[in-house]
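*Asks:* any chance you can model this:
(one chain, ligands or ions: 2)
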Amino acid sequence: MPKALVILPTYMEKDTLPTVLSKVLSQGLADVLVIDDNSPDGTGQIAGAWAMRDPRVHVMNRPGKMGLGTAYVAGFRWGLERDYDCFIEMDSDMSHDPRDLPRFIEEIGKGADLVIGSRYIGGKISVVGWDFRRLLLSKFGNIYASALLCSRLSDLTSGYRAFSRKALERTALGEVNSGGYAFQIEMAYNICRAGMKAKEIPIVFTERASGTSKMSREIIKEAVWLPWRLRLRSIKSSIRRVLGLKKINKEARG
Ligand SMILES: Nc1nc2c(ncn2[C@@H]2O[C@H](COP(=O)(O)OP(=O)(O)OP(=O)(O)O)[C@@H](O)[C@H]2O)c(=O)[nH]1
Ligand SMILES: [Mg+2]
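*Replies:* Ligands and ions are numbered 1, 2, ... in the order given. Predicted structure coming up:
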């Protein structure tokens, strides 16, 4: 079984983090890295106290709110420097069910490079507690991004997912600079474009019971522009490749 690390980014999650930690750890399948951005509600201290009494828990404290994307990149780098083979992203607000963990780890063990926990497999919607507006935003966002990026994945923005070590080693993490949902789209796109194996498994997403969402207008705007930015980037790299080939051919002839 691959050695797994669950990465939990936290900002103001003091009410839910203890439950998430105990449910994840009770599975006995993974270590945990909490990445806290100096939450004013003391979430970082809760995580720190937990790490003192359980060697499977690690904490990275950052000086201020720096965004979900950079938190995950920092977590991936931390895990890559150690001997983990499976890196799992999970929200710390109990929206993602820790009982799904074995399925993610199993798929990575079977050779997948990216396993996405999808809320929309087979045209179904597996979300509990969202109002119609929020559902529409998520569903439309996925249709929009998939269409522009020609992706067959049903849930590009899902934040419950697992990566293989290979997937992260082959991704230029320094070039991934999205903050919110766009980060999830960008990572999935990079991995699929590199020809690595992506798989979706069904999950049920449950709206957070306490705390507040960090979703903002900026995060939505970033996700709207990202597919265009990615398309442009791939066109540029194709042009560079063609020009490079032409130059090599010319040099070979001359
Ligand atoms: N370290 C860190 N964690 C963050 C940051 N922004 C969000 N998070 C965490 O990332 C996870 C997802 O954020 P949420 O606010 O739940 O966003 P969401 O799940 O997309 O939105 P909701 O469905 O409204 O909950 C949660 O565990 C947050 O605490 C950040 O800037 N830094
Ligand atoms: Mg959430």
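*Asks:* tell me the contacts of the closest residue to ligand 1 within the stretch 101-250 of the chain?
*Replies:* Using C-beta to the nearest ligand atom, the single residue of the stretch 101-250 of the chain nearest to ligand 1 is Ser213, 2.7 Å away. For every residue, glycine as well, the C-beta is placed using N, CA and C. By C-beta atoms under 8 Å, 6 or more residues apart in numbering, no residues touch Ser213.
*Asks:* and for the one 10 residues further on?
*Replies:* Applying C-beta under 8 Å, 6+ apart, one finds that Ala223 lies in contact with 141, 145, 157, 178, 180-182, 185.
*Asks:* returning to what we had before: now do the same for the residue of the stretch 101-250 of the chain closest to ligand 1: helix, strand or coil?
*Replies:* coil (DSSP: H, G, I helix; E, B strand; the rest coil).
*Asks:* phi and psi next, for it.
*Replies:* With angles defined as degrees, to the nearest 10, Ser213 shows backbone torsions of phi -70, psi 150.
*Asks:* before we move on, the earlier item: just name the closest of the contacts of Ala223 to Lys23, please.
*Replies:* Thr157 (23.5 Å; C-beta to C-beta).
*Asks:* tell me which residues in the helix or strand of the chain with the lowest mean pLDDT are buried?
*Replies:* Lowest mean confidence among the helices and strands of the chain (mean pLDDT, DSSP states H and E): helix 217-253, at a mean of 86. By neighbour count with 16 or more other C-beta atoms under 10 Å, helix 217-253 contains the buried residues 219, 222-223, 226-227, 230.
*Asks:* stretch 117-130 now?
*Replies:* Across stretch 117-130, burial judged by 16+ other C-beta under 10 Å covers 117-121, 126-127, 130.
*Asks:* give me the lowest-pLDDT entry from the residues you listed.
*Replies:* Minimum pLDDT for these is recorded at Trp130 (92).
*Asks:* quick check: closest non-adjacent residue to that one.
*Replies:* Glu207 (5.6 Å; C-beta to C-beta, 6 or more residues apart in numbering).
*Asks:* hang on, that neighbour packs against Leu135?
*Replies:* No - in this structure Glu207 lies outside contact range of Leu135 using C-beta atoms under 8 Å: 10.3 Å.
*Asks:* anything in contact with each of those two?
*Replies:* Listed as contacting both Glu207 and Leu135 by C-beta under 8 Å, 6+ apart are Val127.
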